[in-house]
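>>> Predicted model, plus sequence, below.
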Amino acid sequence: MIQFPTVPQVDDEPASEPPIDYARPIVIVINGIHAKSGGGVTYLKKMLPLLVERNDIKVHLFLHASQLETFYPFSDRALVTTFKFSLNPIKSLFWEQFNLPLIARAMGADVVYSPANFGPIFARNHVSLLRNAVSVIRLTGNVKIGMYWVMIWFATTVTFFSSARVIAVSKYASRTLTYGTPRFLKTKLSIIHHGVTHGKQDEAPPERSSNLLLAVSDIYVQKNYINLIKAMAIILKKHPELELKIVGRKIDKNYTQSIEQLVQEYGLSEQVKLLGYVLHDDVMELYRKCRIFIFPSLIETFGNPLVEAMVAGAPIACSNTSAMPEIVREAGFMFDPLSPDAISDAVSKLHMSDDLRVELSRKAIERAKNFTWEKCADSTAKVLMSAASDIDRRPGKF
């Protein structure tokens with residue numbers, strides 16, 4: 001229900017809202033309608049079971065009906081509500097901005113959490129998650145895709161200013177997605193790294209392939225696979241025994257076609273394979289077996305494949321840009337992603353040095369201990385509860 005303001009006190013001081021009753025759990029609505037694929041889906045699938053097990057919060061997950069199959073099955077304690085609304089971008093935006101806040105308020109939600117760059121700006125105590133790098137705009141030559149990222153940039157900006165709290169997935173995300181805002185606005189910003197699923201500690205070290213190079217991520221222009229293919233053409237002249245497998249859905253069809261054409265042009269169809277979508281357990285097995293994991297991305301706010309590779313102890317060669325140095329630190333061999341020669345040199349040095357691969361594998365496993373979903377869920381819950389404690393007097397909030 002919508003709560004109407006109370007009558008002012010005799011001294012004309014404005015009446016405060018009733019304090020939140022901490023004897024009951026904080027009611028949180030998670031706006032999951034933007035989690036369609038990739039990291040967004042992984043994040044919610046890992047976080048939801050941990051959040052719903054807490055006694056200090058009560059979580060409702062809002063999804064579009066079309067997402068039900070993606071997230072099924074759910075934790076026994078999960079409260080999931082699905083909605084049917086038009087997926088037309090304009091109508092979908094209208095539903096999120098106006099219908100969702102009213103529904104959440106009617107359910108008694110203290111906080112609405114959107115684990116996406118943007119969400120319902122009119123929602124009471126809205127918390128958003130900065131996870132998509134809008135600087136991708138400068139990489140795309142496609143007008144339609146460029147306009148999409150311009151809209152994401154605008155929505156991110158508006159959401160940042162209107163949110164009660166904001167979570168960034170890395171220091172890099174916090175720097176690049178807050179647009180030089182005043183220091184007092186940044187006080188509502190928290191940096192919380194994503195987690196990774198850790199295997200059993202008593203698992204035996206894997207026997208790594210002598211020739212397998214691995215790259216993992218859905219295919220977009222910012223993943224920089226064109227330069228990786230050019231680097232492979234150089235690498236294979238020195239080390240013809242090597243092969244590269246690229247795991248990830250072919251999201252950007254035009255960019256995927258450019259990659260496939262380049263592979264044919266260089267005559268690498270036997271040494272370079274685009275595997276498309278691969279089940280998560282099978283991807284983890286590839287991490288455990290690969291000789292070198294290569295992450296040539298130009299722009300990342302976090303880089304989930306990096307932490308997955310680290311937990312598997314894969315020797316890592318990765319870009320020295322955006323969030324990669326922050327996430328990997330000393331557990332990876334860095335290169336300039338714009339230089340095929342630099343990529344080739346890094347991979348060749350790792351391939352030829354058993355000692356370096358063993359050292360990086362050890363450092364990767366140790367570094368991965370800093371990233372757990374339990375830590376991520378606990379820190380996120382604290383931010384959400386902090387938002388619930390706010391007395392939000394801003395006009396226009398439902």
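Good, I have the coordinates. Numbering: from 1, shown residues only.
>>> alpha carbons only for contacts and neighbour counts from here, please
Noted.
>>> Kindly provide the distance from Trp153 to Thr176.
11 Å (C-alpha to C-alpha, to the nearest Å).
>>> Likewise for Ser37?
Where Thr176 is concerned, Ser37 sits at a distance of 23 Å (C-alpha to C-alpha).
>>> swap in Lys46?
From Lys46 over to Thr176 (counting by C-alpha to C-alpha), the distance is 26 Å.
>>> So which of these two has more stuff around it?
Taking other C-alpha atoms under 10 Å, Lys46 and Thr176 do not tie; Lys46 has more neighbours (18 against 15).
>>> so who does the residue nearest to the more buried one when sequence neighbours are not counted touch?
Leaving aside its sequence neighbours, Lys46 sits nearest to Trp373 (C-alpha to C-alpha, 6 or more residues apart in numbering; 6.7 Å). Contact partners of Trp373, counting by C-alpha atoms under 8 Å, 6 or more residues apart in numbering, are 46-47, 194-197.
>>> Just send those residues back as TSV, with distance to Val311 too.
Listed next are the contacts of Trp373 as TSV, based on distance: C-alpha to C-alpha, whole Å:
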residue	distance to Val311
Lys46	16
Met47	18
His194	13
Gly195	11
Val196	8
Thr197	8
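>>> Tell me, how many residues neighbour Pro240?
Other residues close to Pro240 by other C-alpha under 10 Å number 13.
>>> oh, I was asking about Glu270
Counted with other C-alpha under 10 Å, Glu270 comes out at 10.
>>> Double-check that it belongs to a helix.
No - with DSSP: H, G, I helix; E, B strand; the rest coil as the criterion, Glu270 is located in coil rather than a helix.
>>> Now do it against Cys290, distance only.
Glu270 is 17 Å from Cys290, by C-alpha to C-alpha.
>>> Gly195 too?
22 Å.
>>> what do you get for Leu360?
13 Å.
>>> go on, Leu298?
The value you get for Leu298 to Cys290, if C-alpha to C-alpha is used, is 22 Å.
>>> Comparing these two, which residue is more hemmed in?
Cys290 (26 against 22).
>>> so what's that one scoring on pLDDT?
Note on Cys290: pLDDT of 97.
>>> Contacts only, for it.
208-209, 211-214, 314.
>>> cool, Tyr113 as well?
Residues in contact with Tyr113 (C-alpha under 8 Å, 6+ apart) are 28-31, 126-128, 384.
>>> quick one: contacts for the closest residue to Ile26 other than its chain neighbours?
Distances taken as C-alpha to C-alpha, 6+ apart place Ile57 nearest to Ile26, at 4.5 Å, with adjacent residues excluded. Going by C-alpha under 8 Å, 6+ apart, Ile57 touches 25-28, 51, 381.
>>> Could you list which of those belong to strands?
26-28 (DSSP state E).
>>> Most neighbours among these, which one?
Counting by other C-alpha under 10 Å, top hit in the ones in strands among the contacts of Ile57: Ile28 with 26 neighbours.
>>> I'd guessed that residue sits against Asp110; true?
Yes - between Ile28 and Asp110 there is a contact under C-alpha atoms under 8 Å: 6.0 Å.
>>> Next up, the contacts around Ala309.
284, 287-288, 293, 316, 364 are the contacts of Ala309 under C-alpha under 8 Å, 6+ apart.
>>> Note down every partner strand of the strand ranked longest in the chain and its orientation.
For the chain, the strand with the greatest residue count under DSSP E is strand 57-64. Strand pairing for strand 57-64, determined by DSSP bridges: strand 26-31 (parallel), strand 79-83 (parallel).
>>> pLDDT-wise, which helix or strand of this protein ranks last?
helix 183-186 (a mean of 63; mean pLDDT, DSSP states H and E).
>>> and the longest helix for this protein?
When the chain is scanned for its longest helix (criterion: DSSP state H), the result is helix 143-162.
>>> circling back: buried subset of the contacts of Ala309, written for PyMOL?
Buried members of those, defined by 16 or more other C-alpha atoms under 10 Å, are picked up in PyMOL with:
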select buried, resi 284+287+288+293+316+364
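>>> Output the contacts of Ala309 in JSON lines; the columns should cover distance to Ser348.
Below are these laid out as JSON lines (distance: C-alpha to C-alpha, whole Å):
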{"residue": "Met284", "distance to Ser348": "23"}
{"residue": "Tyr287", "distance to Ser348": "19"}
{"residue": "Arg288", "distance to Ser348": "20"}
{"residue": "Phe293", "distance to Ser348": "12"}
{"residue": "Ile316", "distance to Ser348": "12"}
{"residue": "Ala364", "distance to Ser348": "19"}
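>>> What is the nearest of the contacts of Ala309 to Asp252?
Phe293 (22.2 Å; C-alpha to C-alpha).
>>> you'd agree that closest one is in a strand?
Yes - when classified by three-state DSSP, Phe293 is found to be part of a strand.
>>> what residues are up against it?
If you count contacts by C-alpha under 8 Å, 6+ apart, Phe293 has them with 213-215, 287, 309, 314-317.
>>> For it, give the beta-bridge partners.
Bridge pairing for Phe293 - DSSP bridges - gives Leu214, Ile316.
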